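Sequence and predicted structure are below.
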Amino acid sequence: MAKKSASEGVYRVIDAIGTSKSSWEEAARNAVETASRSLRDLRIAEVTKMDMKVENGKVVAYRTRVQLSFKYED
């Protein structure tokens, strides 16, 4: 049986949405850090969408959607 190289593998991609009262960057960081507490070996985080919650004409929250990929364990 051939040995797998380090670059071979199977990855899963999921969406996570982080929120913050101060910035999109903090919202993305919150999504990644929260997901990392229950997922191992996160590899890539890609921002796919950013939006804001608006109340009475003022921004009250930032939301960042992030695609996270992690490798399945052998």
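Nice, I can see it. Residues are numbered from 1 along each chain as shown.

all contacts plus neighbour counts: C-alpha atoms, from now on.
Fine.

quick one: contacts for the residue most central in space within the chain?
The residue lying closest to the centre of the chain (Cα atoms, centre = their mean) is Val66, at 3.8 Å. Contact partners of Val66, counting by Cα atoms under 8 Å, 6 or more residues apart in numbering, are 15-18, 28, 31-32, 45-49.

so for the helix or strand hosting Val66, what's the average pLDDT?
According to DSSP states H and E, Val66 maps onto strand 58-71. Per-residue pLDDT over strand 58-71 has a mean of 96.

strands paired with that strand, and their directions?
strand 11-20 (antiparallel), strand 42-55 (antiparallel) (DSSP bridges).

would JSON lines of these with distance to Ser36 be doable?
Converted to JSON lines, the strands paired with strand 58-71 look like this (distance: least, Cα to Cα, whole Å):
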{"stretch": "strand 11-20", "distance to Ser36": "11"}
{"stretch": "strand 42-55", "distance to Ser36": "7"}
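
Format those as CSV; extra columns: mean neighbour count, mean pLDDT and distance to Asp74.
Compiled in CSV, the strands paired with strand 58-71 are given as follows (neighbours: other Cα atoms under 10 Å; pLDDT from 0 to 100; distance: least, Cα to Cα, whole Å):
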stretch, mean neighbour count, mean pLDDT, distance to Asp74
strand 11-20, 17, 95, 11
strand 42-55, 14, 96, 15
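
do you know which of those strands lies nearest Glu73?
Glu73 lies closest, by Cα to Cα, to one member of these: strand 11-20, at 9.2 Å.

Send me the closest one as PDB with only the CA atoms.
Provided in PDB are the C-alpha atoms of strand 11-20 (Å, rounded to 0.1, in the frame of the first residue of the first chain):
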ATOM      1  CA  TYR A  11     -11.100  18.300   4.200                       C
ATOM      2  CA  ARG A  12     -14.500  19.500   5.400                       C
ATOM      3  CA  VAL A  13     -15.700  23.100   4.900                       C
ATOM      4  CA  ILE A  14     -18.300  24.700   7.100                       C
ATOM      5  CA  ASP A  15     -19.800  28.200   7.500                       C
ATOM      6  CA  ALA A  16     -19.600  30.000  10.800                       C
ATOM      7  CA  ILE A  17     -21.000  33.500  11.500                       C
ATOM      8  CA  GLY A  18     -19.300  35.700  14.200                       C
ATOM      9  CA  THR A  19     -20.700  38.900  15.600                       C
ATOM     10  CA  SER A  20     -19.100  41.900  17.200                       C
END
